[in-house]
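*Asks:* Sharing a model prediction with you, sequence too.
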Protein chains: 2
Amino acid sequence: MRERCRELGLRLRPHVKTHKTLEGAALATGGSRRGIVVSTLAEARFFAAGGWDDILYAFPVPRWRLAECSELAQRLQEFQVLLDSPQGLEMLLQNPLPNGKRWLVWLKLDCGNGRAGIRPKDPEALGLARAIAQGSPELVTLVGLYAHCGNTYGCRDIGDIQAIARATTVAVLEFVTALRQAGISCPQATIGSTPSCSHPVPEMSQLTEVHPGNYLFYDLQQTQLGSCKPEEVAIRVLSRVVGHYQHRRQLLLDCGWTALSLHGSDQRGPEGCAAIEGHPRLRLVGLTQEHGLVEDVDGELDFEKFPLGTVLALIPFHACATAAMHPVYFVHDAGKVVELWRPVRGW
Amino acid sequence: MRERCRELGLRLRPHVKTHKTLEGAALATGGSRRGIVVSTLAEARFFAAGGWDDILYAFPVPRWRLAECSELAQRLQEFQVLLDSPQGLEMLLQNPLPNGKRWLVWLKLDCGNGRAGIRPKDPEALGLARAIAQGSPELVTLVGLYAHCGNTYGCRDIGDIQAIARATTVAVLEFVTALRQAGISCPQATIGSTPSCSHPVPEMSQLTEVHPGNYLFYDLQQTQLGSCKPEEVAIRVLSRVVGHYQHRRQLLLDCGWTALSLHGSDQRGPEGCAAIEGHPRLRLVGLTQEHGLVEDVDGELDFEKFPLGTVLALIPFHACATAAMHPVYFVHDAGKVVELWRPVRGW
């Protein structure tokens, strides 16, 4: 991803919400420890304590967490927050940072994703950008425009994903142009989502940065979306066969949703919550709290190939969700565990 | 549940997998700290360290966890394990406990649930029970028969649930009779699942115990199944309104699947992953990692009733899954937090 962004002339600001580890973020930033996106204040504090700076908290700043944001903004060179409403701006203006420091603000745009953000064509969008940039420049600075194209996850193929990435990019760039024409300074523009950044469209090179996150692990869903090849997925949950149920032609695994999550159970992919590495004919057909049930797609199953204790590697549908179920990742190389990575959790 | 079991002349052996706390288990055992079911060895160790005894590990004992089981069996008066295969028994016989102590074994029966367990009508079931009870009585003791009627979760109403509870109970009791006729001693018989134990059928009084777990919290799913009334559900996730999106008529909440899980997203209930307490017309229509989207069923939404910062209480679809996402429960009484309960996690 770093190489791809370099070629596009884009800065990569990796989102760390998938792995939430210092080690993963060090890899993703090429060791710079500068320029990440976080999804929670727990992540922000964890990375700040780990020596990171230039941290963007990509969630509409809530009033009841503002004191924590202020503390981070004072402590770091650059702690950046996200806004999508005049109320959010008003809150910052009422709570200025001490010692002449300014709130660093990204304006969140909703370019079709339909979650947080103001729509760039909204008649109030330009006014909000102007108020952030020019309302009280001694208190607040407009750093850039931020859009998340999570709607790429609903796509059927790479062409669809690229169409959304292009539309999102164009919407952001048109807004940049409108700001420039209105005399409003807005140095940065970023979009994100792993599907869009895995097959970037040329228009994206006119942004200043991108902020994908999931790609550090990838997962079954990304394989189905065409974001990666199966062999590029880095995350597995290891499980063992604990039972043979011949009359049902099922294996029982010691892996339930506490280890995998239920993400993928309602999805279109035939594998559901996980694929089973090296066994394309096996399907995880049931998942309860601590148990998994596996069948062969044909209904037949050669039990002798899977004696009790057999280790199966599950490739999760959604890496972010599966990672969230574990307190440690075992990082391996050539069959040996070489590092333990411990993620931050909570909010 | 304790009262109900007392009336039926049944011992209540609560399953602790939903809450995984010392405090919850103390409540559920009426303070005795004896007689619980656990789903993981992490739970077993946690409760043993907390002063509990008479702990049943309700998972087919895996060979690679046997040393841990042996340690617990030596440390506690009664640490009980579950078997459903001759291989499981053989493993115990090959690894006897020291100092004349015996492995205490429950035979897991599959009475239609279709997960772990041997079917009571399986021609090998009686032979397995005999081998546990009489094969090496100086090493292994058959404590009882254990069946889980998790298939009650697929039911549409209380009548269906009771039919399954009755069929499960009858299947277990018929197997008890067959054992007795064959001269095999098997003192205990237990079935479990919160739906079946919330509306017990008279036949269940002929068992020696039951082992429901979810009832300590209950949840939206149990409400839909008829196991409890809405006001009997003890679990909530508190969330705040962080955004108004008038053109989509949606509220944004600071609660995603990291705080709630995605359980319920593919279910039949109209509420999906959570109901919103006191607001039956509001629906949680979208859930990503840290964001939730809320709509009114009619498409209209009175935003003035939900200013930014409004606290909404989410009643989760599946308490076990939502509880698994949190490191602490805030126990409250009359509007005051009176205790913090900290669950054990992992395996």
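*Replies:* Structure received.

*Asks:* low-confidence ranges in chain A?
*Replies:* A:268 (pLDDT under 70).

*Asks:* rerun that using 80 as the cut-off
*Replies:* For chain A, the stretches flagged by pLDDT under 80 are A:267-269.

*Asks:* Looking at it, what residue ends up closest to chain B?
*Replies:* Closest residue of chain A to chain B, CB to the nearest CB: A:Asp266 (3.5 Å). For the C-beta atoms, the positions are set from N, CA and C on the backbone; glycine is no exception.

*Asks:* Now do the SS call for that residue.
*Replies:* Assigned state for A:Asp266: coil (three-state reduction, DSSP: H, G, I helix; E, B strand; the rest coil).

*Asks:* Quote the end-to-end distance of stretch A:281-299.
*Replies:* Across stretch A:281-299, the terminal residues are separated by 10 Å (CA to CA, to the nearest Å).

*Asks:* buried set for it?
*Replies:* Neighbour counts over stretch A:281-299 (16 or more other CB atoms under 10 Å in any protein chain shown) mark A:282-284, A:286-295 as buried.

*Asks:* now, which of those lie within strands?
*Replies:* Among the buried residues of stretch A:281-299, the ones falling in strands (DSSP state E) are A:282-284, A:286-287, A:292-295.

*Asks:* Which two among those residues are spaced furthest apart?
*Replies:* The most widely separated members of those, counting by CB to CB, are A:Leu282 and A:Leu287 (13.9 Å).

*Asks:* Return the set of buried residues in stretch A:218-233.
*Replies:* Buried residues in stretch A:218-233, defined by neighbour count with 16+ other CB under 10 Å: A:218-228, A:233.

*Asks:* gap between the two ends of it?
*Replies:* Stretch A:218-233 has its terminal residues 5 Å apart, counting by CA to CA.

*Asks:* Quick one: distance of that stretch to the chain centre.
*Replies:* Here stretch A:218-233 is found 14 Å from its chain centre; the criterion is CA atoms, centre = their mean, to the nearest Å.

*Asks:* List of residues touching that stretch?
*Replies:* A:152-153, A:155, A:157-158, A:161, A:194-195, A:198-199, A:214-215, A:217, A:234-235, A:264, A:267-269, A:271, A:274-275, A:315-319, A:322 (CB atoms under 8 Å, 6 or more residues apart in numbering or on different chains).

*Asks:* what about burial for those, which qualify?
*Replies:* Those of the contacts of stretch A:218-233 that meet the buried threshold are A:152-153, A:155, A:158, A:161, A:194-195, A:198-199, A:214-215, A:217, A:234-235, A:264, A:267, A:271, A:274-275, A:315-319, A:322, by 16+ other CB under 10 Å.

*Asks:* Mind checking which of those residues are in strands?
*Replies:* Of these, the ones assigned to strands by DSSP E are A:274-275, A:315-316.

*Asks:* Show me which residues of the stretch 201-347 of chain A are close to chain B?
*Replies:* Taking CB under 8 Å from any CB of the partner chain as the contact definition, the stretch 201-347 of chain A meets chain B at A:240, A:242-245, A:247-248, A:252, A:254, A:257-259, A:261-263, A:265-266, A:286, A:288-291, A:293, A:308-309, A:320-321, A:324-325, A:327, A:345-347.

*Asks:* sorry, back to before: could I get the ones in strands among the buried ones among the contacts of stretch A:218-233 as a markdown table with distance to A:Leu56?
*Replies:* Rendered in a markdown table, the data for these read as follows (distance: CB to CB, whole Å):
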| residue | distance to A:Leu56 |
| --- | --- |
| A:Ala274 | 32 |
| A:Ala275 | 33 |
| A:Ile315 | 30 |
| A:Pro316 | 27 |
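
*Asks:* out of these, which one sits closest to A:Arg102?
*Replies:* Comparing those against A:Arg102 with CB to CB places A:Pro316 closest, at 41.3 Å.

*Asks:* who touches the closest residue to that closest one other than its chain neighbours in this structure?
*Replies:* Spatial nearest neighbour of A:Pro316, excluding adjacent residues (CB to CB, 6 or more residues apart in numbering or on different chains): A:Thr322 at 3.8 Å. A:Thr322 makes contact with A:219, A:235, A:237, A:259-261, A:263, A:316, according to CB under 8 Å, 6+ apart.

*Asks:* which residues in the stretch 51-200 of chain A form helices?
*Replies:* All helices of the stretch 51-200 of chain A, identified by DSSP state H, counting those that start in this stretch, fall at A:66-75, A:86-94, A:125-134, A:158-181, A:194-198.

*Asks:* quick one: buried residues of the third one?
*Replies:* The reference is to helix A:125-134. For helix A:125-134, using 16+ other CB under 10 Å, the buried residues are A:125-126, A:128-129, A:131-133.

*Asks:* closest to A:Lys336 among those?
*Replies:* A:Ile132 (50.6 Å).

*Asks:* and the closest residue to the closest one other than its chain neighbours, what does it touch?
*Replies:* Using CB to CB, 6+ apart and skipping the chain neighbours, the partner closest in space to A:Ile132 is A:Leu142 (4.4 Å). Each residue near A:Leu142 by CB under 8 Å, 6+ apart is listed here: A:105, A:107, A:129, A:132-133, A:184-186.
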